[in-house]
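A.B. asks: Fold the following and give me the result.
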Amino acid sequence: MEIFYSKLLPEIAQKENVVLITKCNKIKDENFKILTIPDKFLRIPGTGKLASILFTAVELVKLKKDIKVVHLPYTSNAGRWGTVFPLLKWLFGIHYLLHIHGGGMKEWKKLGADKALFHSASKIISVSDVTKTEYEKRTGRTVEVVLPLVPFKKVFENKEKIRKKLRLNSKEKVLLFVGSLKGLKGPGVLLDAFVLLGRKFIVEKRLKLIFVGDGPLLSKLRERARESGLCEHIVFTGLVDYDEIPFFYRTADIYIITSHFEGTSKSLLEAMFNGLPIIATNVTGINNILTHNVDALLFEKDDVSQLKERIEWMLNDKNRAKALSEGALKKYDESYAFKNTKKLLFRIYDGF
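C.D. replies: Have a look, this model is predicted:
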């Protein structure tokens, strides 16, 4: 979500006057104004949430004459805004747009402010069809889908040069995983499937499995890799700077996503953008983007044996792999390019 807005705001600022109210101190841009939320209220420890609410409310009231709409991201911890935004709309006519960035959340508390927040929102949009359905059912409101697409960077640097920089053999076949190493993303399923391929197959095909990302399962996965005796074929990069990730897509031969659920996966879309053959879980948030044997090979969630077979299939049939990668790239260009998100958002903003 942070990546999405860091890429989106400079684009919006080309057409609209933008003011960003945030706690993040990493965003720097001369094209829009940034108001930084204080960590504490009156320097009192433990008052971060109160400071956030009061500071935002005061600044919005100051700006009320110039506000077309407030674009408010909504995640599981955003319910507290229901204590202030409905009042700002009622008292000062400040309209706000809710952009839902997460699904599968817990039921709202009876005395919570989430219901009020959704009830008073002038418009509700969501990052996926899945969350759209969930929140339309939950709120009785119409929700429009605006995918959280970002502009991806194309790397044209020579593949061998990049591999040398990443300390990879130019003849290795790279299987790439990009994402947080946590249970929901299923990295252990990929590691188990890779081990199941067997040393003989891995050596013959010169395979290298690369996990790009950090997370709570990192140490456990490293230990399992050591126990497998295949450490020389498995790489864990840990946390990688966002601007460096395109180099891994450029050097990869196959992209694999093993998530149990996705909203709209940026790593998946970036793999499509880079024209990589893709193996992915047949789950919500993925199977509404990709179709088995048309633009990807899909496997059932947590099915290690089936994933192993899909990897073998992709490696042994170059023509099929090429056709699938071309299908994924075509799908990206038609439906998931960043220009589509900009176009939709500007249409929505113009409605206020």
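
A.B. asks: Buried ones in the longest helix along the chain, by neighbour count?
C.D. replies: As assigned by DSSP state H, the longest helix anywhere in the chain is helix 48-63. Neighbour-count burial for helix 48-63 flags 51-57, 60, 63 (criterion: 16 or more other C-beta atoms under 10 Å). (C-beta placed from N, C-alpha, C; glycine too.)

A.B. asks: Can you give the contact residues for it?
C.D. replies: 19, 21, 23, 35, 37-41, 67, 70, 80-81, 83-84, 88, 92, 94 (C-beta atoms under 8 Å, 6 or more residues apart in numbering).

A.B. asks: so after it, what's the next helix or strand?
C.D. replies: The helix or strand immediately downstream of helix 48-63 is strand 70-74, counting by DSSP states H and E.

A.B. asks: In this structure residue 296 contacts residue 279, no?
C.D. replies: Yes: counting by C-beta atoms under 8 Å, residue 296 touches residue 279, with 6.8 Å between them.

A.B. asks: And the helices in the chain?
C.D. replies: Under DSSP H, the chain gives helices at 2-12, 48-63, 85-92, 114-120, 129-139, 159-165, 187-196, 199-205, 218-228, 245-251, 266-273, 304-316, 318-331, 338-349.

A.B. asks: Out of these, which gets nearest to residue 74?
C.D. replies: Among the helices of the chain, helix 114-120 comes nearest to residue 74, with 7.6 Å by C-beta to C-beta.

A.B. asks: mind checking the end-to-end distance for stretch 292-311?
C.D. replies: The straight-line separation of the ends of stretch 292-311 (C-alpha to C-alpha, to the nearest Å) is 14 Å.

A.B. asks: And stretch 155-162, by the same measure?
C.D. replies: 10 Å.

A.B. asks: Please apply the same query to stretch 225-241.
C.D. replies: 24 Å.

A.B. asks: contacts for that stretch?
C.D. replies: 181, 191, 194-195, 199, 202, 207-214, 218, 221-222, 248.

A.B. asks: mind checking how far residue 6 is from residue 22?
C.D. replies: 10 Å (C-beta to C-beta, to the nearest Å).

A.B. asks: and if you look at residue 61?
C.D. replies: 18 Å.

A.B. asks: and if you look at residue 131?
C.D. replies: Distance from residue 131 to residue 22, by C-beta to C-beta: 23 Å.

A.B. asks: Looking at these two, which has the bigger crowd around it?
C.D. replies: residue 131 (24 against 16; other C-beta atoms under 10 Å).

A.B. asks: In contact with that one, which residues?
C.D. replies: 100, 102-103, 143, 263.

A.B. asks: What backbone torsions are found at the residue lying closest to residue 327 once chain neighbours are set aside?
C.D. replies: Using C-beta to C-beta, 6 or more residues apart in numbering and skipping the chain neighbours, the partner closest in space to residue 327 is residue 295 (3.4 Å). Note on residue 295: its backbone torsions stand at phi -130, psi 10 [degrees, to the nearest 10].

A.B. asks: relative orientation of the longest helix of the chain and strand 70-74 in degrees?
C.D. replies: Angle, helix 48-63 to strand 70-74, by axes from the mean of the first three to the mean of the last three C-alpha atoms, to 10 degrees: 160 degrees.

A.B. asks: where does helix 48-63 sit relative to the chain's centre, distance-wise?
C.D. replies: 28 Å (C-alpha atoms, centre = their mean, to the nearest Å).

A.B. asks: average pLDDT across that helix?
C.D. replies: Averaged across helix 48-63, pLDDT comes to 93.

A.B. asks: Over to stretch 268-288?
C.D. replies: Stretch 268-288 comes out at a mean pLDDT of 95.

A.B. asks: Could you do stretch 250-257 as well?
C.D. replies: Mean predicted lDDT for stretch 250-257 stands at 96.

A.B. asks: Now the terminal residues of it, how far apart.
C.D. replies: Stretch 250-257 end-to-end distance (C-alpha to C-alpha) = 17 Å.

A.B. asks: Pull out the buried members of the contacts of stretch 225-241.
C.D. replies: Buried among the contacts of stretch 225-241 by 16+ other C-beta under 10 Å: 181, 191, 194-195, 202, 207-214, 218, 221-222, 248.

A.B. asks: Pull the contacting residues for residue 184.
C.D. replies: Per C-beta under 8 Å, 6+ apart, neighbours of residue 184: 259-261.

A.B. asks: tell me the angle of the longest helix of the chain relative to helix 85-92?
C.D. replies: 30 degrees.

A.B. asks: that older thread, just the buried ones among the contacts of residue 184, please.
C.D. replies: Members of the contacts of residue 184 classed as buried by 16+ other C-beta under 10 Å are 259, 261.
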